[in-house]
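Undergrad: what follows is a predicted protein model with its sequence.
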Amino acid sequence: MQTADVVIIGGGIVGSSIAWHLTEAGCKDVLVIERESAQGKGSTGKSMGGVRAQFSTAVNIQMSLYSIPFYAGFDERLGHPAGYRPQGYLFLATRQSHLDYLSANLEKQTALGLSTVRMLQAEDIRSMLPGLRSDDILGGTFCSTDGFVDPYSAMNGFMASAIEKGATLWKKTELTSIVKDHGGIAAVDTTRGRVATRKVVNAAGAWAAQVAAMAGIELPVQPLRRMLVPSEPFDDFPHSSPMVIDMSTGFHFRPEGRGFLLAWNDPEETPGYKADFEPSFIEKILIRAADRVPVFENLAINPKRAWAGLYEMSPDLHAILGPVSGIPGFYLANGFSGHGVMHAPSTGKILSDLILKGRTDVVDNVELLYFERFAKNELLHETAIL
Ligand SMILES: Cc1cc2nc3c(=O)[nH]c(=O)nc-3n(C[C@H](O)[C@H](O)[C@H](O)COP(=O)(O)OP(=O)(O)OC[C@H]3O[C@@H](n4cnc5c(N)ncnc54)[C@H](O)[C@@H]3O)c2cc1C
């Protein structure tokens with residue numbers, strides 16, 4: 001029978017990063033199982049690719065403090081491009097409560113070691129991006145090491161490098177059940193046969209709850225549709241722009257190719273496996289876009305190029321990572337709530353540390369992210385969600 005030291009379910013950016021970090025740490029007998037014929041058909045290939053350290057909780061900030069420098073050194077270290085572009089994230093405050101919130105977050109971020117984030121006055125923002133409507137802007141924060149990566153390229157780089165170090169990827173292979181014995185995890189059954197293993201990592205993205213159910217737990221991860229609208233080429237706003245977040249509406253955008261990529265999280269969206277792009281969304285987002293950037297009134301949109309994908313929401317908008325008590329050998333890397341690309345490097349390191357050593361120093365208190373927090377009702381609270 002086929003065997004593996006560790007079987008990872010899901011070959012998106014998270015499963016790929018875990019495979020790379022395990023092989024890098026010397027654990028070579030790693031098998032990644034991906035049901036699609038190609039990687040990236042889950043959320044990773046749909047992502048906006050934003051990476052930021054501007055979060056409000058220590059664990060999320062610390063996960064970014066590992067991940068962003070990792071992306072900065074990715075090409076040299078892995079020999080594959082991640083496409084990291086440090087163009088920054090600019091949060092625009094239009095209410096005093098926004099400013100108070102940003103300044104409290106900035107205090108936490110700098111206390112944890114982030115040195116590239118700063119508070120901006122309204123005049124700074126006006127001179128940085130004169131094309132913004134700024135009559136209601138009170139100030140904001142800008143972090144110069146935040147920016148964007150190419151999620152698809154980073155995922156492929158992680159996996160190619162993991163395979164060079166000994167990992168195996170089975171595509172077109174679906175997990176069908178998880179076998180347990182007195183010692184915990186014993187094997188996985190797949191459409192390609194049984195694999196004996198003592199360690200299984202759930203990296204199944206928006207489908208994580210189904211995989212967890214096979215191991216006998218109810219994982220509170222729900223799919224939630226998010227839609228993105230790319231513009232046609234447009235030169236009347238700078239392509240050097242950071243990711244700009246209008247806190248008054250939640251509308252955000254960044255340069256992409258010769259145009260701009262527009263995002264807005266419709267509060268009326270409901271959970272479910274909805275993968276279709278809804279054409280009526282274009283008007284909703286363009287209203288918000290032109291409200292903040294008047295020249296965006298002239299953006300040309302080809303609806304056929306717009307797309308939808310799934311966020312993998314957890315109840316407290318934090319990842320659910322680590323071992324599961326009562327099921328020795330079963331590990332979770334789920335529930336990123338829309339931050340799985342930016343937190344993939346730290347997740348890979350944390351999972352590899354926990355699997356191989358039982359501890360990690362990427363974050364101060366990794367137990368905060370364990371599945372058991374829901375039973376204990378010790379939920380975290382992240383409000384800096386886009
Ligand atoms: C529109 C949009 C914008 C986003 N923007 C950002 C952003 O700016 N920054 C950011 O950090 N994140 C962003 N995200 C979130 C990010 O894309 C995800 O958090 C991340 O891709 C999750 O990676 P993953 O590997 O866990 O999941 P996925 O990429 O979904 O991979 C999971 C894989 O598991 C496979 N799988 C599932 N079940 C099985 C099974 N039973 N057997 C075998 N294989 C299975 C699937 O086929 C899939 O390939 C965005 C997401 C969307 C949809």
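TA: Nice, I can see it.
Undergrad: alpha carbons only for contacts and neighbour counts from here, please
TA: OK.
Undergrad: name the residues of the stretch 101-250 of the chain found near the ligand, please.
TA: Contact residues, the stretch 101-250 of the chain versus the ligand (Cα under 6 Å from any ligand atom): 173, 174, 175, 203, 204, 205, 206, 207, 211, 226, 227, 228.
Undergrad: how about the residues of the stretch 251-386 of the chain near the ligand?
TA: 308, 309, 310, 311, 336, 338, 339, 340, 341, 342.
Undergrad: what's the first helix or strand after the longest strand belonging to the chain?
TA: Longest strand in the chain, counting residues (DSSP state E): strand 222-230. Downstream of strand 222-230, the next assigned helix or strand under DSSP states H and E is strand 243-246.
Undergrad: tell me the angle of the helix or strand that that next one is followed by relative to strand 222-230?
TA: Where DSSP H and E defines the elements, the next helix or strand beyond strand 243-246 is strand 252-256. Here the directions of strand 252-256 and strand 222-230 differ by 60 degrees (axes from the mean of the first three to the mean of the last three Cα atoms, to 10 degrees).
Undergrad: end-to-end on stretch 352-372?
TA: Start-to-end span of stretch 352-372 (Cα to Cα, to the nearest Å) is 20 Å.
Undergrad: contacts for it?
TA: 18, 21-22, 25, 59, 62-63, 66, 219, 318-325, 346, 349-350, 378, 380 (Cα atoms under 8 Å, 6 or more residues apart in numbering).
Undergrad: residue 263 is in contact with residue 231, isn't it?
TA: No - between residue 263 and residue 231 there is no contact under Cα atoms under 8 Å: 11.2 Å.
Undergrad: which residue, other than its chain neighbours, is closest to residue 2?
TA: residue 195 (4.9 Å; Cα to Cα, 6 or more residues apart in numbering).
Undergrad: phi and psi next, for the one you found.
TA: phi -120, psi 120 (degrees, to the nearest 10).
Undergrad: any idea what it is bridged to?
TA: Beta-bridge partners recorded for residue 195 (DSSP bridges): residue 2, residue 188.
Undergrad: list the contacts of it.
TA: 1, 2, 3, 4, 187, 188, 189.
Undergrad: neighbours around the second one, how many?
TA: Applying the criterion other Cα atoms under 10 Å, we find 9 residues in the vicinity of residue 2.
Undergrad: export stretch 133-151 as CSV, just CAs?
TA: What follows is stretch 133-151, C-alpha atoms only, in CSV (Å, rounded to 0.1, in the frame of the first residue of the first chain):
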residue,chain,number,x,y,z
ARG,A,133,-12.0,62.9,-3.8
SER,A,134,-10.7,64.1,-0.5
ASP,A,135,-13.2,66.7,0.9
ASP,A,136,-14.3,64.2,3.6
ILE,A,137,-10.9,62.5,4.2
LEU,A,138,-9.6,63.2,7.7
GLY,A,139,-6.4,61.2,7.4
GLY,A,140,-5.3,57.6,7.2
THR,A,141,-2.5,55.1,7.5
PHE,A,142,0.0,53.9,4.9
CYS,A,143,2.3,50.9,5.2
SER,A,144,4.9,50.8,2.5
THR,A,145,5.8,47.1,2.8
ASP,A,146,2.1,46.1,2.2
GLY,A,147,1.3,45.4,-1.4
PHE,A,148,0.5,42.6,-3.8
VAL,A,149,1.7,39.2,-4.9
ASP,A,150,0.8,37.0,-7.8
PRO,A,151,-1.1,34.2,-5.9
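Undergrad: could you give me the buried positions within that stretch?
TA: 134, 137-151 (16 or more other Cα atoms under 10 Å).
Undergrad: pull the residues that contact the longest strand of the chain.
TA: In contact with strand 222-230 (Cα under 8 Å, 6+ apart) are residues 48, 206-207, 209, 256, 259-266, 269-275, 277, 281-282, 301-303, 305-314.
Undergrad: same check, this time on stretch 250-270
TA: With Cα under 8 Å, 6+ apart, stretch 250-270 has contacts from 48, 224-235, 239-246, 285, 288-289, 386.
Undergrad: sec struct for residue 31, please.
TA: Using DSSP: H, G, I helix; E, B strand; the rest coil, the secondary structure recorded for residue 31 is strand.
Undergrad: that one against residue 170, yeah?
TA: Yes - counting by Cα under 8 Å, residue 170 is a contact partner of residue 31 at 7.3 Å.
Undergrad: for these two, indicate the residue with more neighbours.
TA: residue 31 (23 against 17).
Undergrad: no more questions from me, cheers.
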